[in-house]
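Engineer: give me the fold of what follows.
(chains A and B)
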Amino acid sequence: AQSVSQHNHHVILSEAASLELGCNYSYGGTVNLFWYVQYPGQHLQLLLKYFSGDPLVKGIKGFEAEFIKSKFSFNLRKPSVQWSDTAEYFCAVQTGRRALTFGSGTRLQVQP
Amino acid sequence: DAMVIQNPRYQVTQFGKPVTLSCSQTLNHNVMYWYQQKSSQAPKLLFHYYDKDFNNEADTPDNFQSRRPNTSFCFLDIRSPGLGDAAMYLCATSSFSGQDNDEQYFGPGTRLTVT
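Structural biologist: Residues are numbered from 1 along each chain as shown, chains lettered A, B, ... in the order given. Below is the predicted model of the structure:
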């Protein structure tokens, strides 16, 4: 069975700082990869996804992620965070028709 | 707009009193999922339907059941809620077509409180 690890549980940054959140997965086959964001009191929203092709994926709100197959990683990045990026971020893996397996999440707190 | 709808958004039930949460979708997707998300934790899959084919996760308690009477609707039944079942319950859908490129769409969730 696949698993997803997010090593940063709580990240605190100042506005305009750069962000990188780590995500590693364990599965030997083909995977689809996702990053979801959950703003306080709101439902999960898709930030970006990787199915195939260019390993550098651009998503909404200036976020991007890079799939490095050899490292089983799919790290999320943003060059300059804003206070409105304060949220919980979940990495997720999908194999075949199965549902998503989520990482434990990273709580990002951006200080103005 | 096509979407995934969950009712109610907030549900309070008493310990041991059966409760049903509902999910409907206008996307005509063939797969529907139920996740449980406890406070400060990741969503955890309970089960999913692929068309009418029910797929239960191995560690989903027997207390949790599901029904899918048609493509559009899916229900989560908790037969005897315990305090530990208090959580956000998320419904999601996808149109699995075998292409391995199908995104899941999430509803807003139902927050269940057990008193």
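
Engineer: which residues pair with the residue of chain A found nearest chain B across the strands?
Structural biologist: As assessed by Cβ to the nearest Cβ, chain B sits closest to A:Phe102 within chain A, at 3.9 Å. Glycine gets a C-beta too; all of them are placed from N, C-alpha and C. A:Phe102 has these beta-bridge partners by DSSP bridges: A:Ala92.

Engineer: isn't it up against B:Ala42?
Structural biologist: Yes. With contact defined as Cβ atoms under 8 Å, A:Phe102 reaches B:Ala42; the gap is 3.9 Å.

Engineer: overlap in contacts of those two?
Structural biologist: Shared contacts of A:Phe102 and B:Ala42 (Cβ atoms under 8 Å, 6 or more residues apart in numbering or on different chains): A:Phe90.

Engineer: contact partners for the residue sitting nearest the centre point of chain A?
Structural biologist: By Cα atoms, centre = their mean, chain A has its centre lying nearest to A:Trp35, at 3.6 Å. Residues near A:Trp35 by Cβ under 8 Å, 6+ apart: A:23, A:46-49, A:59, A:63, A:65, A:74, A:76, A:89-92.

Engineer: if we ignore the residues flanking it in sequence, what's nearest it?
Structural biologist: A:Leu47 (4.3 Å; Cβ to Cβ, 6 or more residues apart in numbering or on different chains).

Engineer: also A:Tyr89?
Structural biologist: Distance criterion Cβ to Cβ, 6+ apart; nearest residue to A:Tyr89, sequence neighbours excluded, is A:Thr106 at 4.9 Å.

Engineer: what residues does that neighbour make contact with?
Structural biologist: When contacts are counted by Cβ under 8 Å, 6+ apart, A:Thr106 touches A:6, A:8-11, A:21, A:88-90.

Engineer: counting neighbours, which of those residues comes out on top?
Structural biologist: A:Phe90 (25 neighbours; other Cβ atoms under 10 Å in any protein chain shown).

Engineer: gap between the closest residue to B:Arg67 other than its chain neighbours and B:Leu90?
Structural biologist: Distances taken as Cβ to Cβ, 6+ apart put B:Phe75 closest to B:Arg67, at 4.6 Å, once the chain neighbours are dropped. When distance is defined by Cβ to Cβ, to the nearest Å, B:Phe75 is 14 Å away from B:Leu90.

Engineer: point out the residues in chain A that sit beside chain B.
Structural biologist: Within chain A, the positions adjacent to chain B are A:30, A:32, A:34, A:36, A:42-46, A:49, A:51-52, A:90, A:94, A:96-97, A:99-105, A:107 by Cβ under 8 Å from any Cβ of the partner chain.

Engineer: which among those residues end up buried?
Structural biologist: Buried residues within the residues of chain A next to chain B, defined by neighbour count using 16 or more other Cβ atoms under 10 Å in any protein chain shown: A:32, A:34, A:36, A:43-44, A:46, A:49, A:51, A:90, A:94, A:97, A:99-103, A:105.

Engineer: name the residues of stretch B:4-18 that are buried.
Structural biologist: B:4, B:6, B:11, B:13.

Engineer: now do the end-to-end distance for it.
Structural biologist: Across stretch B:4-18, the terminal residues are separated by 24 Å (Cα to Cα, to the nearest Å).

Engineer: that one near chain A anywhere?
Structural biologist: No. Counting by Cβ under 8 Å from any Cβ, chain A is not contacted by stretch B:4-18; separation bottoms out at 8.8 Å.

Engineer: so A:Leu44 sits against B:Leu90, correct?
Structural biologist: Yes. Counting by Cβ under 8 Å, A:Leu44 does reach B:Leu90; the two are 6.9 Å apart.
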